[in-house]
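> what would the 3D arrangement of this be:
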Amino acid sequence: MFHSPLSPAEEPLDSRRLQQFLCVAEHSGFSRAAERLHLSQQALSSSVAKLEAQLGVSLFDRTGRQVRLTPAGEALRDGASVLLAAGQTLARQVRDAAAAQRRPFVVAHTPAVTAEEVHGLLEPVRRGMPDVSVTAVQIFPSDLESAVVCGTVDLALRRGTTVPATLAAAVIAYHPLRVAVAHGHRLAGHRTVALRELRDERFVVWAPPGTSFYTDFILSTCRRAGFEPALVVNRIQGTTPATAVLDYPDAVAFVTAPPGAALGGAVTVIDIEDPPLAPVQAVWLPHTRSTIRDLLTTGDNPRTPSANNQ
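Residues are numbered from 1 along each chain as shown. Next up, the predicted model:
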């Protein structure tokens, strides 16, 4: 069957030219990028010019001293890194398929999603692919996107709903919020508490408002209950959420840990009446395929648990 040749605009983008384009964008100039790539400046300029000709757009504004990206260049920069990363992921998957021993599937999670919760979320994988090796690692939210793009993790879990600009994402579960208090707190003897009863409490959070979905979620939860919460940012980062109240014994913290005594009795976790549900979002590299990821994102993870689910 005869196939007509592709026009230049329809031809796949050359990965080497994309890498060279990204280097120029990163260094805001051709001379430094050429040094980094061990190319002549003329060769690098020619490569970018061919890429511009193929796309039919100008990628850089060259009128000033410093080379600047045009809007089209910014769009290519945002998509090119993801496209190249997807190609590297595919190459790694092909090598893994041929290897006698495959590398573990790496799942990263922010501190707001505990290791115990990750283990529960992995149930569809543990049940459906019992021979697959999975490694769970904790990662800070600020490092999440770069870790996914560079391929050090295959999938990341966080509290969130907004899809990152360069990644794919889906909410795969919801966990009911509870409140953690130190052993001597006035609420420590309560089995349940209503949100309105917390209006006079200080709330420990892990990041200021506007910098964390989880903090903003807590803020909006309190506002819906009719009060403006007093917030204090935890000075200890990366530990289990229930530890937040140990250094702030007069404060409370929203957690998703099971109700009852925690941390050897130093903390009590209390059920909230009609609890808010905190989402768990899976984030991964677009333009990639993964059977393990499919099990995680479309498996039997609970999406609307009851207040008593643990």
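> and Phe254, what does it touch?
Contact criterion CB atoms under 8 Å, 6 or more residues apart in numbering gives Leu177, Arg178, Val179, Ala180, Phe203, Ile218, Thr221, Ala278 as the residues in contact with Phe254. Heads up, the C-betas are built off the backbone N, CA and C, glycines and all.
> count of neighbours near the second one?
Okay, so that is Arg178. The local packing count at Arg178 equals 24, with neighbours defined by other CB atoms under 10 Å.
> do the same with the last one
For Ala278, the number of neighbouring residues by other CB under 10 Å comes to 22.
> in the helix ranked longest in the chain, which residues are buried?
Looking across the chain with DSSP state H, the single longest helix is helix 71-98. Neighbour-count burial for helix 71-98, counted by 16 or more other CB atoms under 10 Å, picks out Gly73, Leu76, Arg77, Gly79, Ala80, Ser81, Val82, Leu83, Leu84, Ala85, Ala86, Thr89.
> ok, stretch 113-124 next?
Neighbour count says stretch 113-124 has Val113, Thr114, Glu117, Val118, Leu121, Leu122, Pro124 buried, by 16+ other CB under 10 Å.
> touching, the last one and Arg293? I think so.
In this case it means Pro124. No. Using CB atoms under 8 Å, Pro124 and Arg293 do not qualify as a contacting pair, with a distance of 10.7 Å.
> what ranges do the strands span in this structure?
Taking DSSP state E, the strands of the chain run over residues 60-61, 68-69, 105-109, 134-138, 155-158, 168-176, 178-182, 192-193, 202-205, 230-233, 251-255, 260-262, 267-272, 277-284.
> now do the fourth one: which elements does it pack against?
Going back to what we said before, that points to strand 134-138. Counting contacts by 3 or more CB pairs under 8 Å, 6 or more residues apart in numbering; DSSP states H and E, the secondary-structure elements packed against strand 134-138 are strand 105-109, helix 115-121.
> for it, buried residues please.
Buried residues in strand 134-138, counting neighbours by 16+ other CB under 10 Å, are found at Val134, Ala136.
> got the angle between it and strand 105-109?
Between strand 134-138 and strand 105-109, the angle comes out at 30 degrees (axes from the mean of the first three to the mean of the last three CA atoms, to 10 degrees).
> mind checking the pLDDT average for strand 134-138?
The average of the pLDDT scores along strand 134-138 is 94.
> likewise for the third one?
The pLDDT scores in strand 105-109 average 94.
> show me the chain divided up by domain.
Split into domains by the TED database, the chain comes to 15-84, 102-172+279-298, 178-275.
> tabulate the ones you listed (TSV), appending distance to Asp96.
Converted to TSV, these look like this (distance: least, CB to CB, whole Å):
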stretch	distance to Asp96
domain 15-84	19
domain 102-172+279-298	5
domain 178-275	30
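> mind checking which of the ones you listed is nearest Arg95?
Shortest separation from Arg95 across the domains of the chain is recorded for domain 102-172+279-298, at 9.1 Å, computed as CB to CB.
> how far away from the center of its chain is the closest one?
Relative to the mean C-alpha coordinate of its chain, domain 102-172+279-298 is positioned 8 Å out (CA atoms, centre = their mean, to the nearest Å).
> endpoints of it, how far apart?
23 Å (CA to CA, to the nearest Å).
> so where is the stretch 201-310 of the chain shaky, pLDDT-wise?
Scanning the stretch 201-310 of the chain for pLDDT under 70 picks out the ranges 299-310.
> quick one: the helices in it, in order.
Along the stretch 201-310 of the chain, counting by DSSP state H, counting those that start in this stretch, helices occupy 213-224, 291-298.
> got the contact list for the first one?
This means helix 213-224. Helix 213-224 is contacted by residues 112, 158-162, 177, 195, 198-199, 203, 205-210, 228-229, 231, 254, 276, 278 when judged by CB under 8 Å, 6+ apart.
> can you rerun that using 10 Å?
110-113, 141, 158-162, 177, 195-196, 198-199, 201, 203-210, 212, 228-231, 233, 241, 253-254, 272, 275-279, 281 (CB atoms under 10 Å, 6 or more residues apart in numbering).
> what's the PyMOL syntax to select whichever of those are buried?
In PyMOL, the members of the contacts of helix 213-224 classed as buried (16+ other CB under 10 Å) are selected with the following command:
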select buried, resi 110+111+112+113+141+158+159+160+177+195+198+201+203+204+205+206+207+212+229+231+241+253+254+272+275+276+277+278+279+281
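> which ones are touching the closest residue to Ala188 other than its chain neighbours?
Of all residues beyond its chain neighbours, the one nearest Ala188 is Thr268 (4.7 Å), with distances taken as CB to CB, 6 or more residues apart in numbering. Thr268 makes contact with 178-185, 187-191, 242, 245, 259-262, according to CB under 10 Å, 6+ apart.
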